[in-house]
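>>> A structural model of the following input is requested.
(one chain, ligands or ions: 3)
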Amino acid sequence: MSDPVLRDTFGRPLGSLRISVTDRCNMRCRYCMPEDEYVWLPRESILTFEEIARLVGVFGGLGVHKIRLTGGEPLLRHDLPTLVDLIARDARITDLAMTTNGLLLAKHAAALHRAGLKRLTVSLDTLRAARMLTFAKSERHGDVLAGIAAARAAGYDRLKLNSVVIRGFNDDELADLLEFGRANRAEVRFIEYMDVGGATRWSMDQVVSQREMLERLTGRYGRIEPIEGDQGSPAPAERFRLADGTTFGIIASTTAPFCRACDRSRLTADGTWFLCLYAAHGVDLRERLRSGASDDQLAALLRDTWQQRADRGAEERLAVRARGALYPIAALRADPHREMHTRGG
Ligand code: SAM
Ligand code: SF4
Ligand code: SF4
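Ligands and ions are numbered 1, 2, ... in the order given. As a prediction, this is how the structure comes out:
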């Protein structure tokens, strides 16, 4: 019997889609948007909610069951709960989540939850307001903390916190972030600093590897056990447990990437479909949508494209000697689709 699941050349299914709803952001994290000026996607190119929901329907028919809304900062997109509601109505989407920097979360958490957003990840790299000001050019650390509290009050009891760990910036806060997560009943995911487009100041010596993070945390907490069952799953984080039961994850995308199990692709706010975070080119779905392609025609395009997928960008980066920033600034300016904040994290 033929396999009903759509698979790429490495046998990886198309299971999850990250949708960037805007390329704009109200923060300027040094690892993502360190420059003074950016080239934005033209406003008329941004997909409407109806266009996004239609594409979700087509992806859903091909096996996508996990959707994560991201950006840029997704909460800058006006009326986001309306989009959440449209997507949540599709019974094939069993996991609907969002990643946010939290600045606007206090205002929107309850409405998002009511609209059907099941899971939330808030990015929190530091517990020190002054560090956030230097590193992300934002004075609003208090708003992030208020957003986390509001999310808990709105009913998000499986909250996750993303912390990109950078040597010399926040690598002395691993334990503090874990303690904060424990106190707020949120699970921390430490992320290795990645050399994605946008990270124009990236260098290997700033990367704190998964191994080093575990060594440091073992020094503080004693034995750390891996949580079995997560290896080989398409989820990028490996999870661990401290002796007191506190769990956390590490996303080792730089030193131990998980491409072999990657079932993710990404849709930019202007409808460009990328099969890998590192892919040089994407497929323009907006042009097809707006020139009258039927759902069947769109599905055929997605199917053919996925079946030819051979991307393993982060693994290929491992082989690069003298590894530095992925793109020079001029290349990012020439095509903003190369930026992490356009592609969605
Ligand atoms: N603005 C939202 C936020 O920050 O949560 C959503 C978009 S952001 C691009 C998604 C995730 O990508 C964030 O958790 C961020 O920390 C992560 N990220 C951005 N640049 C990164 C880099 N160079 N290395 C590792 N993670 C990165
Ligand atoms: Fe920071 Fe997210 Fe904005 Fe990038 S998109 S600058 S990670 S808040
Ligand atoms: Fe997937 Fe590409 Fe990331 Fe590898 S680098 S895990 S293939 S998105």
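>>> and the residue nearest to Ile251 when sequence neighbours are not counted, which helix or strand is it part of?
Take Ile251 and drop its neighbours on the chain: the residue closest to it by C-beta to C-beta, 6 or more residues apart in numbering is Ile191, 4.5 Å away. All C-beta spots, glycine's among them, are computed from the backbone N, C-alpha and C. In the assignment (DSSP states H and E), Ile191 maps to strand 187-192.
>>> quick one: that strand near ligand 1?
Yes. Residues of strand 187-192 are located near ligand 1 by C-beta under 6 Å from any ligand atom, namely Ile191.
>>> again, but for stretch 227-242
No. Using C-beta under 6 Å from any ligand atom, no contact is recorded between stretch 227-242 and ligand 1, whose separation bottoms out at 10.7 Å.
>>> mind listing what's buried along that stretch?
235-240, 242 (16 or more other C-beta atoms under 10 Å).
>>> over to stretch 173-180?
For stretch 173-180, burial by neighbour count (16+ other C-beta under 10 Å) applies to 173-174, 177-178, 180.
>>> whichever residue of the stretch 151-300 of the chain sits closest to ligand 2: what secondary structure?
Proximity of the stretch 151-300 of the chain to ligand 2 (C-beta to the nearest ligand atom) peaks at Gly198, 7.2 Å away. Under DSSP: H, G, I helix; E, B strand; the rest coil, Gly198 falls in the coil class.
>>> renumber starting at 195 from here on
OK, 195 is where the count begins now, so the last one is Gly392.
>>> contacting residues for the residue lying closest to it once chain neighbours are set aside?
Spatial nearest neighbour of Gly392, chain neighbours left out: Met534 (3.7 Å); criterion: C-beta to C-beta, 6+ apart. With contact taken as C-beta atoms under 8 Å, 6 or more residues apart in numbering, Met534 is in contact with 226, 390-393, 471.
>>> quick one: pLDDT of the one residue in the stretch 295-444 of the chain that gets nearest to ligand 2?
Nearest residue of the stretch 295-444 of the chain to ligand 2 (C-beta to the nearest ligand atom) works out as Asn295 at 3.6 Å. We have a pLDDT of 98 for Asn295.
>>> could you check how many residues crowd around it?
Close neighbours of Asn295, defined as other C-beta atoms under 10 Å, add up to 28.
>>> for the stretch 295-444 of the chain, which residues are neighbours of ligand 2?
Residues of the stretch 295-444 of the chain lying near ligand 2 (C-beta under 6 Å from any ligand atom): 295, 317.
>>> can you list the low-confidence ranges for the stretch 295-444 of the chain?
424-427 (pLDDT under 70).
>>> quick one: the helices in it, in order.
For the stretch 295-444 of the chain, the helices defined by DSSP state H, counting those that start in this stretch occupy 299-309, 323-330, 335-348, 368-377, 404-415.
>>> run a quick neighbour tally on Asp389.
Each residue near Asp389 was counted by other C-beta under 10 Å, and the total is 23.
>>> do you know how far it is from Arg458?
18 Å (C-beta to C-beta, to the nearest Å).
>>> what residues are up against the closest residue to Gly443 other than its chain neighbours?
Take Gly443 and drop its neighbours on the chain: the residue closest to it by C-beta to C-beta, 6+ apart is Ala431, 3.3 Å away. Residues near Ala431 by C-beta under 8 Å, 6+ apart: 383, 424, 443-445.
>>> make it 10 Å
Each residue near Ala431 by C-beta atoms under 10 Å, 6 or more residues apart in numbering is listed here: 354, 356, 381, 383-385, 424, 442-447, 452.
>>> over to Arg480?
239-241, 245, 249, 461-467 are the contacts of Arg480 under C-beta under 10 Å, 6+ apart.
>>> so of those residues, which ones are in strands?
461, 466-467 (DSSP state E).
>>> may I see those organised as a markdown table, with neighbour count added?
Shown next, in a markdown table, are the ones in strands among the contacts of Arg480 (neighbours: other C-beta atoms under 10 Å):
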| residue | neighbour count |
| --- | --- |
| Leu461 | 27 |
| Thr466 | 22 |
| Trp467 | 21 |
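>>> ok, of the residues you listed, which one's closest to Arg484?
Distance ranking of these against Arg484, using C-beta to C-beta, places Thr466 first at 13.1 Å.
>>> what bridges to the closest one?
Asp478 (DSSP bridges).
>>> wait, doesn't it sit right on Leu483?
No. Using C-beta atoms under 10 Å, Thr466 makes no contact with Leu483, being 11.6 Å away.
>>> shared neighbours, these two?
Residues touching both Thr466 and Leu483 (C-beta under 10 Å, 6+ apart) are Leu241.
>>> can you name the residue of this protein nearest ligand 1?
Gly539 (2.4 Å).
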